[in-house]
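Participant: Fold the stuff below for me.
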Amino acid sequence: MSRKLRVRQSQTVVPFGVGAVFDIQGESFVATGIGDWLSKARQKVESPRLASRLGVTGFYAAPATGNDRYDTPDAPGAPYIRFPSWLFCGACRRMKRWRIADEKPGQPPRCPSCSPGRTLAPMRFVQICAAGHLSDIDWWFWAHSRREAGERRQCGEREKLRFLVSERASGLEALSVACTAKDCGAARDLLDILGTHGMRCSGRNPWQRTGEAADCVQPVQVVQRTAGNLYYPVVHSALDIPETDIKAHDEDALAERVREHDLWVQLCRHAGKPRAAMFREVILEDTGADEDLLDALLGVETGQAPPASSDAPAAPARPDLSREEWAAFTAPTPSATRDFALRETTLGLAGETEDPWVGLRRRFGRIVLADRLREVRALSGFTRVSPDATVVPADTARRLRWLPAVEVFGEGIFLTLDKSELSTWEGDARVRRRAAGMRADLDRSFQKDRLETLTGPELSPRFVLLHTLAHLLIRQLSFESGYTTASLRERIYARPEQDQYGILVYTAAGDAEGTLGGLVRQGEPPRLAETLLRMTEAAAWCSADPLCAEHTGQGFGNLNRAACHACCLLPETSCETGNALLDRALVVGGERVPGYLESIVAAAREAAATALEQP
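Facilitator: Residues are numbered from 1 along each chain as shown. Model prediction:
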């Protein structure tokens, strides 16, 4: 029977986007570059705002696959090729290098030596490098690596190999690759296969042709084909906000802020001179403006045109898209379009006169329900070995000006903190000292450049507070809204230079109809107030306390404080920062720092104790 292999359209960006290796029904494949996509089959995805920020002409999605009953056989889609190409037979243990000419439509690879033919399995290990290259291991070299160069040259057969299993050992020591060429018999086990072994990098990825190989001198690392460091996608996401004058108005205010800066006159006077770089850096940091706006204003002021862009401009790694979204959510009149339907509501606590409800109402500000959201997720490239390694573009040939993307629809809850309460709390010396300690760890982290695009030039206490609040709220909503934590996502709006102080918790699915409204229903009064109170009470205690609450640094690079899997962490697909920069103590308080909601925790406990004392 012909087998059917399926990859959903939404999976062609994450997790099975360009360069990703994935297993399905015992077979292994890798997604090829977008240069191999069929132009007639792809679907246009509209997102002018994201395209402008990334410096591309637009986005395309792979064709949506039909269901299993009505699907068209061999319908065009995102291309994938078999990888690793080295396979082995579980019966005779022979290894076979599989080529495209060996493929039979609808059939898995079968052993040519067995009768009946057994299905071949892919080898478990591959090699990668920090330049983003991926290739098969040279198994012939590995089998002969314990021999001298002269002895290796005497073996003329490079594909007569067997993948053997010994019953006298365990683990990788029990596995070995042996050469079956006549008068050879070379073999080596896989005990120390992982790591670097002086092998040469192929200089390309499996879908690239030999002529596209680069002269790569990066050290090769041998990893399992499903290892976590084999693939780090670079994904950008933007909400489809309505076309209004919000952006223009916001940029006008930014432009005015730049012109009023103390160093603006000095920058204009020294434009084009080495000293100007220092003035630019200070103005950009103080005002929150971007390079493009500053260049445009300088061009107007000095009478010189801004530098012309090349045919393939280099877009920022992760551009800031929060400014326009924040303006749309905080606009005096909520928007109501087909793909961005907002309505303002409250916590429903106007008539409450007792704590903890009064304190809850005082610490939260605006509540906006998004009945429908459209989000575009685009893949610009990927890295291997580590997130800060060389980025390989989605179009490895670098000829195309578009990126692969998908559009998803859903719903969400947007809420802000009370600005005056936040300013008072943020001004506390203990709060700022704790945030400064996290900033010092961030400065030493390899994730610094990536995270600064989300936090802004300076890590503020409000970012850690809002980020932790978003995680706690998602965990609480997963119990009450019917969605799992992996189905919910966050967007943090916490840049002080842009006067942001809110979060968006939302869900989005690939179906054009979106979701069923369970999240928005949970945001209506008085449900959201009850959810926030339960969230605060749950955050006050972690099953890993007191260790978790007293931690001075945990997680990658010690970028978290009081945050662990028992209280704060989420699936990484739900978090913008990859579960970094979290601190539960800033929410509910600790021995060394006051929490923003600490008084609510105390009031809730007092109210509970009073209720128990009543007959």
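
Participant: Out of the helices and strands in the chain, which is least certain?
Facilitator: helix 246-259 (a mean of 65; mean pLDDT, DSSP states H and E).

Participant: After it, which helix or strand is next?
Facilitator: helix 264-269 (DSSP states H and E).

Participant: Which other helices and strands does the helix or strand just after that following helix contact?
Facilitator: Next in sequence after helix 264-269, counting helices and strands by DSSP H and E, comes helix 276-287. On a contact count with 3 or more CB pairs under 8 Å, 6 or more residues apart in numbering; DSSP states H and E, helix 276-287 meets helix 246-259, helix 264-269, helix 291-302. Backbone N, C-alpha and C define where each C-beta goes, glycine included.

Participant: Specify which residues of the stretch 251-400 of the chain, grouped into ranges, have pLDDT under the cut-off.
Facilitator: 251-252, 299-319 (pLDDT under 70).

Participant: can you do 50?
Facilitator: Within the stretch 251-400 of the chain, the segments meeting pLDDT under 50 span 303, 305-317.

Participant: quick check, distance from the longest strand along the chain to the centre of its chain.
Facilitator: Determined from DSSP state E, the single longest strand within the chain is strand 364-383. Computed by CA atoms, centre = their mean, to the nearest Å, the chain-centroid distance of strand 364-383 equals 13 Å.

Participant: following that strand, which helix or strand comes up?
Facilitator: With secondary structure assigned by DSSP H and E, strand 364-383 is succeeded by strand 392-393.

Participant: Listing partners with orientation, what would you give for that next one?
Facilitator: strand 364-383 (antiparallel) (DSSP bridges).

Participant: can you dump the C-alpha coordinates of the partner strand into CSV?
Facilitator: Coordinates of each C-alpha in strand 364-383 appear next as CSV, following Å, rounded to 0.1, in the frame of the first residue of the first chain:
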residue,chain,number,x,y,z
PHE,A,364,-4.5,47.0,36.5
GLY,A,365,-5.5,49.5,33.8
ARG,A,366,-7.1,49.0,30.4
ILE,A,367,-8.6,45.6,29.4
VAL,A,368,-9.2,45.0,25.7
LEU,A,369,-10.7,41.8,24.2
ALA,A,370,-9.6,40.8,20.7
ASP,A,371,-12.4,38.8,19.3
ARG,A,372,-10.4,38.1,16.1
LEU,A,373,-6.7,38.5,15.4
ARG,A,374,-4.6,37.7,12.3
GLU,A,375,-0.9,37.0,12.8
VAL,A,376,1.7,36.4,10.0
ARG,A,377,4.7,34.3,10.9
ALA,A,378,7.7,34.5,8.5
LEU,A,379,10.9,32.5,8.4
SER,A,380,13.9,34.5,7.4
GLY,A,381,16.6,31.8,8.0
PHE,A,382,18.1,29.5,10.6
THR,A,383,21.3,28.8,12.5
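
Participant: Just list the residues touching the closest residue to T119 other than its chain neighbours, thanks.
Facilitator: For T119, ignoring the flanking residues on the chain, the nearest one in space by CB to CB, 6 or more residues apart in numbering is P108 at 5.0 Å. With CB atoms under 8 Å, 6 or more residues apart in numbering as the criterion, the residues that contact P108 are 3, 25-27, 119-120.

Participant: got these as TSV, with pLDDT columns?
Facilitator: Listed next are the contacts of P108 as TSV, based on pLDDT from 0 to 100:
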residue	pLDDT
R3	71
Q25	89
G26	91
E27	93
T119	93
L120	95
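
Participant: State the number of residues packed around L451.
Facilitator: 20 (other CB atoms under 10 Å).

Participant: so how far is D441 from it?
Facilitator: Here L451 is placed at a distance of 11 Å from D441 (CB to CB, to the nearest Å).
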